[in-house]
Each structure stands twice: as structure tokens, then as C-alpha cells.
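# pasting the sequence and the predicted coordinates here, then a few questions.
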Amino acid sequence: MEGTTLLQLPEGMRLDQIQVTENGLIIEICATAPTSSCPLCAQPSSSIHCHYRRRLRDVPCAGRQVQLRLTVRKFCCRNPYCERKVFAERLPDFVEPRARTTIRFCQQITSIGLATCGKGGARLAARLGIRTTRQTILRRIMDLPDFPAESILFLGIDDFSFLRGRRFGTIFVKLENRHVVDLLPDRKAETAASWMRQYPDLMAVSRDRGGDYAAAATAGAPQAIQCADRFHVIKNLGEALEGLLARHLAAHRSRLAEQSSATPLGDAHSTQPPKLSPKEALQSQAKREERLARANRASRRQPLPTRWGSAMLPSRVGWKVRPFPNNNHIHEGLILIHTCPFSANGGKQAAIISLSCTGNW
Ligand SMILES: [Zn+2]
């Protein structure tokens with residue numbers, strides 16, 4: 001097998017020499033095409049003026065760093081009307097003009113950065129034999145072209161922080177393919193509304209439950225249905241459940257206290273839980289936290305529709321679940337009618353929590 005094929009060099013390249021050093025491989029190559037086209041007038045020329053050397057970093061070979069020493073020829077442009085008299089030959093599929101790395105090396109850096117991040121990408125690249133920095137990785141990612149403007153039907157909007165707790169921006173996500181389509185420098189309703197006006201085809205906006213983005217969606221995409229996104233639905237549901245159960249637990253305890261005060265002193269003492277020592281209380285608390293963590297891990301392993309659509313909640317706390325009626329864009333939802341066994345009026349007090357969400361769970 002020829003060296004150019006082994007190293008996957010482009011056609012028309014000649015491999016002159018390979019040196020193995022302590023730091024890696026030094027490979028000398030040159031182009032052999034008989035002519036090259038002037039970049040200004042595009043007229044081909046075979047008149048070689050001179051040569052010079054370029055040093056390029058290339059993708060690693062078996063974990064070794066690779067340095068290419070490319071001999072570049074300079075041609076004379078024979079077009080009398082062209083302003084360029086001498087030009088260097090171009091290798092557009094292999095290396096860009098004045099670049100110090102090959103195109104495939106840059107592509108590997110970009111892929112590593114997209115799969116990881118700046119610091120993590122630099123660490124991974126070092127393990128793969130690629131010498132780079134986190135700044136280079138981030139610069140490659142930022143050099144990527146933006147997604148072309150296209151129709152967006154389902155949009156997700158939320159805020160994010162440039163500086164935690166101090167400076168916030170707005171992120172837009174196209175929910176059909178889960179791609180980030182744009183970032184805004186603030187989280188003002190007017191800015192988000194003006195951005196949404198560029199997309200008159202919007203059918204649904206998934207947002208948090210704050211007022212700013214609701215106002216933005218109303219002003220910028222009045223034709224779109226607004227719904228709470230999964231994160232905020234689950235967060236609000238958890239908070240509502242926590243408050244509800246806390247209230248009923250307090251009612252349950254007060255009823256127990258009333259019963260104990262109504263019974264003789266000896267019987268009341270017998271119903272009280274035994275008083276724990278500080279060490280036993282710590283152990284009991286640790287066991288409670290371990291049980292809670294185990295339950296959380298088990299619930300995360302289950303797919304979300306099963307978690308909220310099945311009878312798991314009702315079986316544990318006595319909820320009745322009724323499916324939310326479907327309409328055009330809301331594919332899945334729940335109405336939870338609560339009849340709590342701890343409530344003071346014998347379980348007939350009902351609380352209703354209605355949820356709606358898009359199909360992108
Ligand atoms: Zn020319």
C-alpha cells in the first residue's frame with residue numbers, strides 16, 4: 001500500500017519522507033499537479049516561479065503527533081490582464097491558505113468540542129494525541145456556521161445565565177430536532193417577542209411559568225399555543241405535592257394530638273413513639289435519606305410517561321387519575337383528583353391539579 005493511501009492524503013500529493021522522532025512523525029509531502037489556477041483570474045499556469053515550505057499539524061497517527069512539511073510551489077500568472085503576477089498553489093480540500101493545521105485536523109477538534117466542552121475536550125484531545133487548548137476548541141465551535149433560517153413549528157424558550165445569578169440571557173430551542181436555534185443577550189419580553197415575530201408559522205411555545213415569556217409569546221406569536229415545559233411542570237407539581245402533603249400531615253398530627261389528649265394519660269403514653277437518643281436520631285435520619293435517594297433513583301430509571309401516566313402515584317398516596325382529553329396539539333396530560341386519606345372530612349375533600357404538556361416528553 002502506498003504511503004499516500006495509508007495516510008489518506010488527497011490525490012496529486014507525493015509522500016517524500018517519513019521521520020520518526022521522540023515527539024511524533026514528521027512527514028514531507030508535495031503536490032504534483034502539473035498546473036495550478038490563479039486565484040484571481042482562474043487561468044491555469046504551469047510556469048513554476050519558486051518553492052517554499054509550510055509546517056502543518058495533522059491528525060495523529062496511532063497516537064503519535066504528526067507534523068506535515070508541505071512543499072508549496074509558486075506559479076507565474078501568464079494572463080497579461082491579471083494583477084497577480086505570482087501566486088501560490090492552492091489545496092482547497094486539504095489545507096486553507098495561511099492555515100497552520102490541515103482541514104481534517106480542524107474537523108477533529110470541532111467534533112471533540114461538540115461532544116464534550118472546552119476543558120474536557122482539551123483533556124480528551126491530549127489522550128488522543130492531539131495538542132490543542134480549550135480556547136482553540138471553543139473558537140472552532142464558534143466558527144461553525146449558524147443553522148439556516150427555516151420554519152419552526154414548536155419552540156422551546158427559557159433563560160440561562162452567562163454569570164450565575166447575575167446576568168441572564170434567553171435560549172430558543174427548536175423542539176422538532178432539539179437544536180438550539182438562537183441565544184439572546186437578555187431575558188426581556190420585548191426582545192423575545194421581536195425574535196418570535198420572525199417565525200409566523202409557530203404553532204406552540206413551550207416555556208416556563210413566569211410572566212415575561214408568557215407576555216413575549218402572546219405579543220410575538222399570538223397564534224401559537226402556550227404550554228409549560230416538562231421541567232417546570234414537574235417542578236411545580238413536586239412543589240404542589242409537597243405543600244399539599246405537608247398540610248395534610250399537619251392535620252393528621254393535630255388529630256392524633258387531639259385523640260391523645262382525650263384518652264387517659266397511661267394510654268396516651270403508650271401511643272407515643274419511643275424517644276430516640278441523638279445517635280439513634282442521626283442513624284434514623286440517614287436511613288430516611290437513603291430510602292429517599294433510592295426511591296428517586298428508581299423513579300428516574302422509568303420513562304416519564306409511565307411515571308406520570310400510570311398508577312404509581314395513586315397507589316402510594318391515594319390519588320385518582322383521569323386522562324386529560326386530547327386536542328390538536330396537546331398530546332398528553334393528566335388531571336389529578338385528590339382524595340386524601342388523611343383529610344379531616346373522611347377523604348371527601350378534593351383538590352384538582354391539571355397539567356398539560358406537549359408530546360416532546
Ligand atoms: Zn491571474
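Now that the structure is in, tell me what you want to look at.

# tell me which parts of the chain are close to the ion?
38, 40, 41, 77, 79, 82, 84 (Cβ under 5 Å from the ion). The way it works is simple: take the backbone N, C-alpha and C, and place the C-beta from them, glycine included.

# what about the second one, how many neighbours?
Using other Cβ atoms under 10 Å, residue 40 is surrounded by 12 other residues.

# helix, strand or coil for the closest residue to it other than its chain neighbours?
In this structure, residue 40 finds its nearest non-sequential neighbour in residue 84, 4.3 Å apart by Cβ to Cβ, 6 or more residues apart in numbering. Classification of residue 84 using DSSP: H, G, I helix; E, B strand; the rest coil returns coil.

# correct me, but residue 84 touches residue 76?
No. The pair residue 84 / residue 76 is not scored as a contact, 9.6 Å apart, by Cβ atoms under 8 Å.

# just the buried members of the residues of the chain next to the ion?
38, 77 (16 or more other Cβ atoms under 10 Å).

# what's downstream of the strand or helix carrying residue 140, the next helix or strand?
Using DSSP states H and E, residue 140 sits within helix 134-142. For helix 134-142, the succeeding helix or strand toward the C-terminus, using DSSP H and E, is strand 154-163.

# which helices and strands sit right next to that following strand?
The criterion is 3 or more Cβ pairs under 8 Å, 6 or more residues apart in numbering; DSSP states H and E, and the helices and strands that strand 154-163 contacts are strand 167-174, strand 204-207, helix 211-220.

# tell me which of the ones you listed is the most buried.
Highest mean neighbour count of the helices and strands packed on strand 154-163: strand 204-207, a mean of 24 (counted as mean count of other Cβ atoms under 10 Å).

# got the contact list for it?
153-158, 175, 196, 213-214, 217, 221, 224-229, 232, 329, 358, 360 (Cβ atoms under 8 Å, 6 or more residues apart in numbering).

# CA atoms only: put it into PDB for me.
Extracted C-alpha coordinates of strand 204-207, given in PDB (Å, rounded to 0.1, in the frame of the first residue of the first chain):
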ATOM      1  CA  ALA A 204     -46.700  26.000  20.100                       C
ATOM      2  CA  VAL A 205     -44.400  27.700  22.500                       C
ATOM      3  CA  SER A 206     -43.100  25.700  25.500                       C
ATOM      4  CA  ARG A 207     -42.000  28.000  28.300                       C
END
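
# ok, which stretches of the stretch 201-350 of the chain are strands?
All strands of the stretch 201-350 of the chain, identified by DSSP state E, counting those that start in this stretch, fall at 204-207, 225-228, 319-323, 332-339, 350-357.

# buried residues in stretch 115-122?
Those would be 117, 118, 121, 122, for stretch 115-122 by 16+ other Cβ under 10 Å.

# in contact with the second one, which residues?
When contacts are counted by Cβ under 8 Å, 6+ apart, residue 118 is found next to 134, 135, 137, 138.

# related to what we said a few turns ago, quick check: ChimeraX command selecting the buried ones in the contacts of strand 204-207.
The ChimeraX selection below is limited to those of the contacts of strand 204-207 classed as buried (16+ other Cβ under 10 Å):
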select :154,155,156,157,158,175,196,213,214,217,221,224,225,226,227,228,229,232,358,360
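
# shaky segments in the protein?
1, 147-149, 264-274, 299-361 (pLDDT under 70).

# ramachandran angles for residue 22?
Backbone torsions of residue 22, given as degrees, to the nearest 10, read phi -70, psi -30.

# how near is it to the ion?
Counting by Cβ to the ion, to the nearest Å, the separation of residue 22 from the ion is 44 Å.
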